[in-house]
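S.K.: Based on what follows, work out the 3D shape:
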Amino acid sequence: MRIHIAIALVALFGIGLLASCAPTRVEMDYGTSHKLQMVNQIANPDAGKDVKPVEGMDGQTSSVVITKHRKEFEKQEKQQAPIFNITTPAK
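M.R.: Reported below is the predicted structural model:
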């Protein structure tokens, strides 16, 4: 009887070892999300083949826009935060 239990335990242990060697889903898909991210970041793969000049805003308009943009980040006067005094009632 003891020999049967010992053989069963050794068999279960061996099956457990073999099952733990099988690759997990994470291991099988390792790097897939990184590859998909790299592929999805390319909006136009043929952009380097186009030799036509880029059309957009002229220099003066761009200068005005960037000046307005930079002014938004200049330091503005800080508004004083409200002060709340918390006191205990007099006894």
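S.K.: any idea how far residue 88 is from residue 32?
M.R.: 62 Å (CB to CB, to the nearest Å). C-betas here are computed from N, CA, C, even on glycine.
S.K.: Equivalent analysis for residue 17, please.
M.R.: Distance of residue 17 to residue 32, given as CB to CB: 28 Å.
S.K.: related to what we said a few turns ago, what about residue 88 and residue 32, which has more around it?
M.R.: residue 32 (9 against 5; other CB atoms under 10 Å).
S.K.: And the pLDDT for the more buried one?
M.R.: pLDDT recorded at residue 32 is 89.
S.K.: And residue 1, by the same measure?
M.R.: At residue 1, pLDDT is 82.
S.K.: can you check residue 47 too?
M.R.: Turning to residue 47, the model gives it a pLDDT of 76.
S.K.: repeat for residue 66
M.R.: 92.
S.K.: Low-confidence stretches in the protein?
M.R.: Low-confidence segments of the chain, defined by pLDDT under 70: 90-91.
S.K.: all helices for it, in order.
M.R.: For the chain, applying DSSP state H gives helices covering 2-21, 25-28, 32-40, 59-71.
S.K.: what's the closest of these to residue 77?
M.R.: Among the helices of the chain, the nearest to residue 77 by CB to CB is helix 59-71 (14.5 Å).
S.K.: okay, the helices of the chain in TSV with distance to residue 84 next?
M.R.: Formatted as TSV, the helices of the chain follow (distance: least, CB to CB, whole Å):
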stretch	distance to residue 84
helix 2-21	60
helix 25-28	51
helix 32-40	47
helix 59-71	34
